[in-house]
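Colleague: quick one, structure for this:
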Amino acid sequence: MIGYVTLGTNDIDRAGGFYDDVLAALGAKRNADWQTDRFVAWDTVPGSPLLLVIKPHDGKPATAGNGTMISLLARSRAEVEAVHARALARGGKDEGAVGLRGDSFYAGYFRDLDGNKLAIYHIG
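Modeller: Okay, the predicted model is just below:
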């Protein structure tokens, strides 16, 4: 049960613009109740799990966790393709082209502007 996931950033405005565009392909919007000068959050409907970008609380620079990956569920293969394409168009790095892995796991992988690794996937 995921309530929210945070990804570290050193530039809230830059990260916010990246995720505004990328997550729009999933129908997500900024959640105004979860926004400060330290973090910004997105969700698809109120009360659903949130994705946040956040400046680390300890004041040290944000770094991408080695082996850490956030997976976002898409409603279709077309949505997988749209999210992956938007991430790359906004300056994200390809970490695995969109395609079928196994019999029904359709996914693409990318790193955001801060080096955080994400997957976008659809089963079926």
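Colleague: other SSEs contacting the strand or helix carrying Ala15?
Modeller: Using DSSP states H and E, Ala15 sits within helix 12-24. With contacts taken as 3 or more C-beta pairs under 8 Å, 6 or more residues apart in numbering; DSSP states H and E, helix 12-24 sits against strand 29-35, strand 39-43, strand 50-54, helix 77-89. Any C-beta I mention is one placed from the backbone N, CA and C, and that applies to glycine too.
Colleague: and His57, what does it touch?
Modeller: Counting by C-beta atoms under 8 Å, 6 or more residues apart in numbering, His57 touches Arg38.
Colleague: just the pLDDT for it.
Modeller: Reading off the confidence values, His57 has pLDDT 90.
Colleague: now swap in Lys29 and tell me
Modeller: Per-residue confidence at Lys29 stands at 96 (pLDDT).
Colleague: now do the contacts for it.
Modeller: 23, 42-44.
Colleague: how close does it get to Ala119?
Modeller: 21 Å (C-beta to C-beta, to the nearest Å).
Colleague: hang on, the earlier thing: now the contacts of Lys29 in JSON lines, with neighbour count?
Modeller: Converted to JSON lines, those look like this (neighbours: other C-beta atoms under 10 Å):
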{"residue": "Leu23", "neighbour count": "20"}
{"residue": "Trp42", "neighbour count": "24"}
{"residue": "Asp43", "neighbour count": "20"}
{"residue": "Thr44", "neighbour count": "16"}
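Colleague: mind putting those into TSV with pLDDT and distance to Ala64?
Modeller: Listed next are the contacts of Lys29 as TSV, based on pLDDT from 0 to 100; distance: C-beta to C-beta, whole Å:
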residue	pLDDT	distance to Ala64
Leu23	97	18
Trp42	97	19
Asp43	97	23
Thr44	96	24
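Colleague: among the residues you listed, which one sits closest to His84?
Modeller: Leu23 (12.5 Å; C-beta to C-beta).
Colleague: OK, contacts around the closest one?
Modeller: 29, 42, 51, 83.
Colleague: what does Gln35 give?
Modeller: Contacts for Gln35 were tallied using C-beta under 8 Å, 6+ apart; they are Ala41.
Colleague: and the pLDDT for it?
Modeller: Gln35 is assigned 92 on the pLDDT scale.
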